[in-house]
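Chemist: What would the 3D arrangement of this be:
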Amino acid sequence: MALNEAAPAKLPSNQFDHFYRGGYRIGKLRNGPGGPMRPEEWIGSTTTRFGENATGLSKLADGTLLKDAIDANPVSWLGQKHLDTFGASTEILVKLLDPDQRLPVHYHPDQKFAAEKLHINHGKTEAWIILEAPPQARVGLGFNRQMEKSEVAALVAAHDSEALLESLVFTEVTAGDAVFVPAGVPHAIESGIFVLELQEPTDLSILLEWDGFAVDGDKDGHLNLGFDSALDALRLSPLDENESAQVVGKFDTEADSPHSIFQSVADPFFRADYLPGNGEKTEAGFGIFLCLSGAGELHFENSGQLSVSIGDAIVIPHCAGSFQINGCAGILCRPPEA
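Modeler: From the prediction side, this is the model:
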């Protein structure tokens, strides 16, 4: 695809090494390399790993970086209204997570902290869409009591993983659940949970524990800020009852019509819809569609049609116009509405 062209396209696999184990289900679904230390795929990514220049960036089938293609023709890819509101940023990063070990307790800074301390325009609010989960699988989200910064700092310094895990609120999840994770809130995901993640387009993570993981948290766990500064981005209070109710969403693979997966609390950051492939029209706009079942076609108002099947990830430019899906179902991930 030439840099000045924009058209719907299937994205090659984009798995790469991380500090925790996993990735075999991603490899199977997306025809990628799989594990054992590639537990993430960044799909349609214009974001690099923190501190690196290229790792994380998605390529089109001809080897062109998606970021370069969008930069060369932002109006076609993103639409003028999006550009007027957000600039040339896609405003979203989509990932598959397939951990074969529990993720460490960690958190992400919000936009204000990222701007002030890191000079970056986005924080890292995120959300998990649960594709598969073993029985009694759990995610941890938020402290279960009011904590003090000094108390957390002491637990981090002592490498007290047990106490940090005991400090979280854990909730069982099953396939079809969705969990919104506000920036600043500590969290963890247990082993075996297969996740489609949407987030702001950064790689900003602060670790509270790291024993048993292939990372030196003392060196690389605090975004080069030092823990004293990094802990200022941590929410020390529990989620209240209203917040806890808002972070939970759901999608239904038996539904006959498209439906939003997250509650409105996610709207300023990203959108996700389950599309059952019933031929209903979807409005024009930049997005990433991941096919989860069936085989069929995407019919675009301005770009013809594209055959898709399970595991295909399609990047859709705004200029393709509205579209319909027939014969296959999946999840459409989009930036916030401009």
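Chemist: List the buried residues of the lowest-mean-pLDDT helix or strand in the chain.
Modeler: Taking mean pLDDT, DSSP states H and E as the measure, the chain has strand 248-250 as its least confident helix or strand, at a mean of 93. Using 16 or more other Cβ atoms under 10 Å as the test for burial, strand 248-250 gives G249. Where C-beta positions appear, they are placed from N, C-alpha and C, glycine not excepted.
Chemist: Where does the prediction get shaky in this structure?
Modeler: The model of the chain has pLDDT under 70 over residues 1-4.
Chemist: run the last query once more with 90
Modeler: Within the chain, the ranges that satisfy pLDDT under 90 run 1-5.
Chemist: any idea which helix is longest in it?
Modeler: helix 149-157 (DSSP state H).
Chemist: Give me the contacts around it.
Modeler: Helix 149-157 is touched from outside by D160, A163, L164, S167, L208, E209, F227, D228, L231, D232, L234, L236, with contacts defined as Cβ atoms under 8 Å, 6 or more residues apart in numbering.
Chemist: The lengthiest strand in the chain: which residues count as buried?
Modeler: Assignment by DSSP state E gives strand 287-300 as the longest strand of the chain. By neighbour count with 16+ other Cβ under 10 Å, strand 287-300 contains the buried residues G287, I288, F289, L290, C291, L292, G294, G296, E297, L298, H299, F300.
Chemist: so what's the third one closest to, chain neighbours aside?
Modeler: Spelled out, that is F289. What sits nearest to F289 in space, not counting adjacent residues and going by Cβ to Cβ, 6 or more residues apart in numbering, is I314, at 4.5 Å.
Chemist: quick check, that neighbour in a strand?
Modeler: Yes: I314 sits within a strand when classified using DSSP: H, G, I helix; E, B strand; the rest coil.
Chemist: Tell me how many other residues crowd it.
Modeler: Around I314 there are 23 other residues, counting by other Cβ atoms under 10 Å.
Chemist: cool, S58 as well?
Modeler: For S58, using other Cβ under 10 Å, the count is 25.
Chemist: I'd say it and N14 touch.
Modeler: Yes: S58 lies in contact with N14 (Cβ atoms under 8 Å); the separation is 5.0 Å.
Chemist: Common neighbours of the two, please.
Modeler: Contacts common to S58 and N14, judged by Cβ under 8 Å, 6+ apart, are W42, I43, S45.
Chemist: and the last one, backbone torsions?
Modeler: Here the main-chain torsion angles of S45 (degrees, to the nearest 10) amount to phi -90, psi 130.
Chemist: Over to the first one?
Modeler: Main-chain torsions, W42, degrees, to the nearest 10: phi -100, psi 120.
Chemist: If it is in a bridge, with which residues?
Modeler: Judged by DSSP bridges, the bridge partners of W42 are K95.
Chemist: any idea how far T253 is from it?
Modeler: Separation of W42 from T253 (Cβ to Cβ, to the nearest Å): 24 Å.
Chemist: So if I had to pick from these two, which one is more boxed in?
Modeler: Using other Cβ under 10 Å, the more surrounded residue of W42 and T253 is W42, with 23 against 12.
Chemist: I figured the more buried one hits L93, correct?
Modeler: Yes: contact criterion Cβ under 8 Å: W42 and L93 qualify, at 6.5 Å.
Chemist: In the stretch 151-300 of the chain, mark out all the helices, start to finish.
Modeler: Under the criterion DSSP state H, counting those that start in this stretch, the stretch 151-300 of the chain contains helices at 161-166, 217-220, 227-230, 241-246.
Chemist: In a markdown table: those, plus distance to Q136.
Modeler: Below are the helices of the stretch 151-300 of the chain laid out as a markdown table (distance: least, Cβ to Cβ, whole Å):
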| stretch | distance to Q136 |
| --- | --- |
| helix 161-166 | 16 |
| helix 217-220 | 28 |
| helix 227-230 | 32 |
| helix 241-246 | 20 |
